[in-house]
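Visitor: Build me a structure from this.
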Amino acid sequence: MSIARLTQAQKKKMLGKGICDIIHHGKPQGRKDGSVGTKPTVLCDDVKEDVVLDEVTSWLGKHRILYDRNNTGSGDLRGDGRMFRYGIKDGGDIMGCLPNGIHFELELKRGRGGTWSDGQQKRCAKVRTNKGVYLLIHGVPELETMFLPLLKKRKDIRDLL
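Guide: Predicted coordinates for the structure are as follows:
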């Protein structure tokens, strides 16, 4: 279709899309630091991240899922003035192993949403590239929606090798 036959509204839409392409250079829109905002995909209570953590770890324990809490930071752990880092930088808040042997990471956010940093997005890509599971979770309802189907696919790890 030639540009001469387009309506005024269609021309404006094309112009707007072109301007957006020039501004963003084909990159997804986000914040200057590369982070993006998150929102729950399932209705969750608006609670702080530490409450989400308690509820999610309780749920995982009830379902007998192997998991560990990933705390990261740095400090003078020995008291001798030397700084040490601990934890996996940008790793999920919870890491574990599904019953079929597949690695999973859960990045927890407060109930109404939060910020997913650039480093966390890169970690997500790394985990998923290596056939792992990485999920952003805002509450137990979202965890159940996304995690229960994974538990129903309980293939033996030998079937995957």
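Visitor: List the buried residues of stretch 90-103.
Guide: 90-96, 98-99, 102 (16 or more other CB atoms under 10 Å). Glycine gets a C-beta too; all of them are placed from N, C-alpha and C.
Visitor: How is this protein divided into domains?
Guide: 1-30, 31-160 (automatic domain parsing).
Visitor: Redo these as CSV? Include mean pLDDT.
Guide: Formatted as CSV, the domains of the chain follow (pLDDT from 0 to 100):
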stretch, mean pLDDT
domain 1-30, 57
domain 31-160, 85
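Visitor: most packed of those?
Guide: domain 31-160 (a mean of 15; mean count of other CB atoms under 10 Å).
Visitor: Strands of this protein, residue ranges please.
Guide: 36-37, 66-69, 73-75, 84-86, 94-97, 103-108, 115-116, 133-137 (DSSP state E).
Visitor: From the contact counts, what lies against the longest one?
Guide: Other elements packing on strand 103-108 under the criterion 3 or more CB pairs under 8 Å, 6 or more residues apart in numbering; DSSP states H and E are helix 49-62, strand 94-97, helix 118-129, strand 133-137.
Visitor: for the buried residues of stretch 90-103, which one is nearest Pro40?
Guide: Using CB to CB, Asp93 is the member of those that sits closest to Pro40, with 15.6 Å.
Visitor: What is the nearest of the buried residues of stretch 90-103 to Val140?
Guide: Distances from Val140 to these, taken by CB to CB, are shortest for Ile94, at 12.8 Å.
Visitor: residue contacts, the closest one?
Guide: 53, 56-57, 60, 67-70, 105-106, 108 (CB atoms under 8 Å, 6 or more residues apart in numbering).
Visitor: Tyr86 is in contact with Leu77, correct?
Guide: Yes. In this structure Leu77 lies within contact range of Tyr86 using CB atoms under 8 Å: 7.5 Å.
Visitor: quick revisit: I'd like the helices and strands packed on strand 103-108 as CSV, with distance to Asp33 appended.
Guide: Below are those laid out as CSV (distance: least, CB to CB, whole Å):
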stretch, distance to Asp33
helix 49-62, 19
strand 94-97, 24
helix 118-129, 6
strand 133-137, 18
